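**Student:** sequence? don't have it. structure:
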Ligand SMILES: Cc1cc2nc3c(=O)[nH]c(=O)nc-3n(C[C@H](O)[C@H](O)[C@H](O)COP(=O)(O)O)c2cc1C
């Protein structure tokens, strides 16, 4: 039985969010093909995680056996969010492009789950690459939506795409090999023309196909 973690990052009302509609479609299709799947839902757009602060940093970098009682409270959200990733086989991430990057709420979530001793280890004995991920073997699909267009490699705005590289750079904290991330993007949302409708239709077809494929792995 697979566990699917569905993360939504749009600040928009759910019924108006393209990325939310895509994550719903992917999840429904996955469940149709694999009904025993356990689904965990985390909506960081509607319920943003807290930003990390000096108390979080102090607590996270204190070894567990040396932590003071207040530190457990400060790390409670981080622990809960990490537990959801640990449980997941498949991560479905719906994220808008905001100002060419990921929404601040999604960055807050990444900052909560990139945790020494839980999702990565750090050892200077490893030389110039001291960070090693602690999780592995998870699949990630990024379902995004953009108002403009041309953000794919080779596209007219590829150099402004700070969304996909930001997710790929942190994928190892999620137990995901960056080279295996599946990406499906709606474009042209701000133009509201036939190119947008075609982009939505194509994204929906690809999301359904991928969900059916991944449900039987
Ligand atoms: C605050 C904000 C910033 C945005 N910045 C960009 C941007 O930099 N580039 C772009 O192509 N679209 C941008 N958009 C358009 C969104 O990416 C687009 O509306 C997308 O459909 C939002 O996802 P959602 O429908 O799931 O809410 C922005 C929208 C908002 C609300």
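**Tutor:** Nice, I can see it. Since the structure is predicted, the reported quantities are computational estimates derived from the model, not experimental observations. Numbers count the residues shown, from 1 in each chain.
**Student:** spell out which residues of this protein are next to the ligand.
**Tutor:** When proximity is defined as Cβ under 6 Å from any ligand atom, the chain approaches the ligand at 10, 12, 17-20, 96-100, 145-148, 189-190. Every C-beta, even on glycine, is put in place using the N, C-alpha and C of the backbone.
**Student:** how many neighbouring residues does residue 197 have?
**Tutor:** Close neighbours of residue 197, defined as other Cβ atoms under 10 Å, add up to 11.
**Student:** relative to residue 185, how far out is the nearest residue to residue 189 once chain neighbours are set aside?
**Tutor:** Once flanking residues are discounted, residue 189 sits nearest to residue 147: 4.6 Å by Cβ to Cβ, 6 or more residues apart in numbering. Taking Cβ to Cβ, to the nearest Å as the measure, residue 147 falls 12 Å from residue 185.
**Student:** which one's more surrounded, those two?
**Tutor:** When residue 147 and residue 185 are compared for neighbours, residue 185 comes out ahead with 24 against 15, by other Cβ under 10 Å.
**Student:** picking that back up, Produce a ChimeraX select command limited to the buried residues of the residues of the chain next to the ligand.
**Tutor:** Applying 16 or more other Cβ atoms under 10 Å to the residues of the chain next to the ligand leaves a buried subset, and the ChimeraX line that selects it is:
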select :10,17,18,19,20,96,97,98,145,146,148,189
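**Student:** just the ones of the residues of the chain next to the ligand in strands?
**Tutor:** Residues of those located in strands (DSSP state E): 96, 145.
**Student:** okay, and which of the residues of the chain next to the ligand map to helices?
**Tutor:** Taking DSSP state H as the definition of helices, these contribute 18-20.
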